[in-house]
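Colleague: sharing a model prediction with you, sequence too.
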Amino acid sequence: MGLPAWEAQLGAAVARVRAMQRGGVWRWDDGPMGNPVWMAYQGLSVLRRYALMSYRP
């Protein structure tokens, strides 16, 4: 039995967020604001929340 649909979708979304960073700086598709510093916090928040949700001791 595979992952539930929501878990697979969440994993794919997190992988996309992770792939959008280079050296800890996120690069977003926002035209001239391609890498606003405040969005690094958003990217890290997504990865942190996912890690906390998916951790199973």
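Modeller: Sure, I can see it.
Colleague: quick check: longest helix of this structure.
Modeller: helix 38-54 (DSSP state H).
Colleague: show me what contacts the residue most central in space within the chain?
Modeller: Nearest to the mean C-alpha position of the chain, counting by CA atoms, centre = their mean, stands Val17 at 3.2 Å. Contacts were defined as CB atoms under 8 Å, 6 or more residues apart in numbering; by that measure Val17 touches Trp26, Gly43, Val46, Leu47. Just so you know, the C-beta spots here come from the backbone N, C-alpha and C atoms, and that holds for glycine as well.
Colleague: any idea how far it is from Pro57?
Modeller: Spatial separation of Val17 from Pro57 under the definition CB to CB, to the nearest Å is 24 Å.
Colleague: any regions of the chain where pLDDT drops low?
Modeller: Filtered on pLDDT under 70, the chain yields the residue ranges 1, 28-36.
Colleague: for the nearest residue to Tyr50 once chain neighbours are set aside, list the residues it contacts.
Modeller: Closest residue in space to Tyr50, ignoring its immediate chain neighbours: Val14 at 4.6 Å, by CB to CB, 6 or more residues apart in numbering. Shown here is Val14, whose contacts under the criterion CB under 8 Å, 6+ apart are Val46, Leu47, Tyr50.
Colleague: for Leu10, state which of the residues you listed is nearest.
Modeller: When the contacts of Val14 are ranked by distance to Leu10 (CB to CB), Tyr50 comes first, at 6.9 Å.
Colleague: tell me, how many residues neighbour the closest one?
Modeller: Tyr50 sits with 17 neighbouring residues when counted by other CB atoms under 10 Å.
Colleague: next one: Val25
Modeller: Val25 has 14 neighbouring residues, counting by other CB under 10 Å.
Colleague: how much space between it and Val46?
Modeller: Val25 sits 15 Å away from Val46 when distances are taken as CB to CB.
Colleague: same question, Val37
Modeller: Between Val37 and Val46 the distance, using CB to CB, works out to 16 Å.
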